[in-house]
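Colleague: prediction below, plus the sequence it came from.
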Amino acid sequence: MRNQALILLCIVVFGVIGTCHGGSLRKKYYKKTCPTAEEIIKNATEKHVANDPTLPARFLRMHFHDCFVRGCDGSVLLNSTTNNTAEKDAIPNLTLAGFDV
């Protein structure tokens, strides 16, 4: 029974890994167009995390809410307009934090 559960777990894990991919995401993506982008983002994030140690968990939650259903599109970062309610103003997302970083 335990071996069957382990085999099933392996199948599920490898199935998920096989369907998930980072597309063209890679380190040094902005090296040519904005060589200091990653350093700027890293420094700003470290500065904010030093002031609020709960931010890493909040970023993870924000990423989860943005990416889980339809892929990472940044839609939780958009503000509402007079004609359209933004995703970040939906009831499940009202407790998301870290937008100011």
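Modeller: It's in. Residues are numbered from 1 along each chain as shown.
Colleague: in contact with residue 41, which residues are there?
Modeller: Residues near residue 41 by C-beta atoms under 8 Å, 6 or more residues apart in numbering: none. All C-beta atoms are positioned from the backbone trio N, CA, C, and that covers glycine.
Colleague: extract the CA atoms of the helix or strand in which it is found and return them as PDB.
Modeller: According to DSSP states H and E, residue 41 maps onto helix 37-51. Extracted in PDB, the C-alpha atoms of helix 37-51 (Å, rounded to 0.1, in the frame of the first residue of the first chain):
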ATOM      1  CA  ALA A  37      16.900  46.000 -13.200                       C
ATOM      2  CA  GLU A  38      17.400  42.900 -11.100                       C
ATOM      3  CA  GLU A  39      19.700  44.700  -8.700                       C
ATOM      4  CA  ILE A  40      17.200  47.500  -8.200                       C
ATOM      5  CA  ILE A  41      14.400  45.100  -7.600                       C
ATOM      6  CA  LYS A  42      16.500  43.000  -5.200                       C
ATOM      7  CA  ASN A  43      17.600  46.100  -3.200                       C
ATOM      8  CA  ALA A  44      14.100  47.500  -3.000                       C
ATOM      9  CA  THR A  45      12.600  44.200  -1.900                       C
ATOM     10  CA  GLU A  46      15.300  43.700   0.700                       C
ATOM     11  CA  LYS A  47      14.700  47.200   2.100                       C
ATOM     12  CA  HIS A  48      11.000  46.600   2.400                       C
ATOM     13  CA  VAL A  49      11.400  43.200   3.900                       C
ATOM     14  CA  ALA A  50      13.800  44.600   6.500                       C
ATOM     15  CA  ASN A  51      11.000  46.900   7.700                       C
END
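Colleague: check the gap between residue 83 and residue 94 for me.
Modeller: 20 Å (C-beta to C-beta, to the nearest Å).
Colleague: between these two, who's got more neighbours?
Modeller: The residue with more neighbours, out of residue 83 and residue 94, is residue 94; 8 against 5, by other C-beta atoms under 10 Å.
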